[in-house]
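Asker: Make a model of this:
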Amino acid sequence: MKKIQLQNQPPATPLPIVIAGALVDGKENYLTIGAYGVMSVQPPVVYISSMKAHYTNAGIKKTGYFSINVPSADLIKKTDYCGLVSGRDSDKSLVFSAFYREKKYAPMIRECPVNVLCKVAKTMELPNNEVFIGDVVEYYVDKDCLTDNSPDPKKIDPLLLAGRSYRKLGRIAGTAFAAGKALIKKS
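Answerer: Coordinates of the predicted model:
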């Protein structure tokens, strides 16, 4: 297969869309983010990368907490809205219903099927972005999105970003940690 070199850009693979939640001046605020990932499974550590100018960053830095909320595809309009407008100009606390466990560290979105409360472990400065690395403190999944007590991606129905399009998950391609076993040489 012939390779064509393109202008430098992020890989064309679909990216998970999450909504970061933070308290900014004591008020719930939400920011749609396409730069999110898992850094460690044990212990669970995640990151979000946000442009330095984003209003939400100030709340994360002040409180030391943020939430990651995984929206389902039926929340596409509200999810997109939270990425289009700034909390400086619009009250995004009214877009979703917030919930907290015990203390008000960072708002988690009741309408999202997956919610993760994170405590900032480290902040990295990039030229245009701040990367917030967070230790997972609390993890919630809607009961109806579980299969055999594990989160079921098909039931969660997360939004993915591919270029300028939102996408949904497709079919299962294989079993993780099993599909490649046939290539392991027996000695």
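Asker: which stretches of the chain have low pLDDT?
Answerer: Scanning the chain for pLDDT under 70 picks out 187.
Asker: Tell me which stretches of it form helices.
Answerer: 55-63, 76-84, 153-156 (DSSP state H).
Asker: which of the ones you listed sits most buried?
Answerer: Comparing the helices of the chain by mean neighbour count (mean count of other CB atoms under 10 Å), helix 55-63 ranks first with a mean of 20. In this view, the C-beta of every residue, glycine as well, is placed from N, C-alpha and C.
Asker: Give me the helices and strands touching it, please.
Answerer: When contacts are defined as 3 or more CB pairs under 8 Å, 6 or more residues apart in numbering; DSSP states H and E, helix 55-63 packs onto strand 18-24, strand 27-33, strand 65-70, strand 114-125, strand 129-141.
Asker: What lies in contact with it?
Answerer: With contact meaning CB atoms under 8 Å, 6 or more residues apart in numbering, helix 55-63 is reached by 20, 22-25, 29-31, 50, 66, 86-88, 105-106, 120, 123, 130, 132.
Asker: Dump the helices and strands packed on helix 55-63 to a markdown table, plus distance to residue 172 and mean neighbour count.
Answerer: Shown next, in a markdown table, are the helices and strands packed on helix 55-63 (distance: least, CB to CB, whole Å; neighbours: other CB atoms under 10 Å):
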| stretch | distance to residue 172 | mean neighbour count |
| --- | --- | --- |
| strand 18-24 | 22 | 26 |
| strand 27-33 | 26 | 23 |
| strand 65-70 | 19 | 27 |
| strand 114-125 | 19 | 18 |
| strand 129-141 | 19 | 18 |
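Asker: To residue 4, which of those strands lies closest?
Answerer: Of all the helices and strands packed on helix 55-63, strand 129-141 sits nearest to residue 4, with 28.4 Å by CB to CB.
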